[in-house]
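> when you get a sec, could you give me coordinates for this:
(one chain, ligands or ions: 2)
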Amino acid sequence: MQIIFECPVCMKRSSCTPDPAQGPVRCSHCDWSRDEGAGDFDGDYCHRCRVCGCSDLWRQKDFPPGLGLAMVGCGIILSTIAWYNHHPELALGVLMAFALVDMLLYTFMADMLVCYRCRARHRRTALNEQHGAFDLEVSERYIQMKKRQDSAEHASKN
Ligand SMILES: [Zn+2]
Ligand SMILES: [Zn+2]
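Ligands and ions are numbered 1, 2, ... in the order given. Next up, the predicted model:
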């Protein structure tokens, strides 16, 4: 399992690969760590965020952002070249081939879990069906909660 997260203490972006998977999660910049061990797991499945303990997680494709877009861009350029060289069937073929590869990549990409509260990403972990796709309503609830927390903190400081 690999976890990519923003450290709750030093606020830096950090990545951690606990070995074994139930092992402690540590920040690579400061001495923050969290060790809930098996408490974060339901058998082999991760059931709550390993950084903040939040049990609301959504699953999404672990598809590198930008890769899909780069591929579409390449396909368009190649097919434009083919089009200008008077090979319309080749132009169409190139576009279709790229679309197909894109679709296959998407199908075979593994899922990852993302935390609604702290947005930590949990990659290469066993997933069960309890985690749904991204839900805007749940996300909005956490954003509002964070806003309230921030303003409460602000008020207590003044
Ligand atoms: Zn840190
Ligand atoms: Zn979290």
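
> not counting sequence-adjacent ones, nearest residue to the most centrally placed residue in the chain?
Nearest to the mean C-alpha position of the chain, counting by Cα atoms, centre = their mean, stands residue 121 at 4.6 Å. The shortest distance from residue 121 to any residue other than its chain neighbours is 4.5 Å, reached at residue 4 (Cβ to Cβ, 6 or more residues apart in numbering). Backbone N, C-alpha and C define where each C-beta goes, glycine included.

> which ones are touching that neighbour?
Contacts for residue 4 (Cβ atoms under 8 Å, 6 or more residues apart in numbering) come out as 13-15, 120-121, 123.

> distance of the residue nearest to residue 41 when sequence neighbours are not counted relative to residue 126?
In space, and not counting its chain neighbours, residue 41 is closest to residue 22: 6.1 Å by Cβ to Cβ, 6+ apart. From residue 22 over to residue 126 the distance is 12 Å, taken as Cβ to Cβ, to the nearest Å.

> so these two - more neighbours on which side?
A direct count of neighbours by other Cβ atoms under 10 Å for residue 22 and residue 126 places residue 22 higher, at 17 against 12.

> on that earlier part again, between the contacts of residue 4, which is closest to residue 62?
The closest of those to residue 62 turns out to be residue 123 (Cβ to Cβ; 5.6 Å).

> and that closest one, how many neighbours?
16.

> name the element the residue nearest to residue 121 belongs to?
Residue 4 is located in strand 2-6, with elements delineated by DSSP states H and E.
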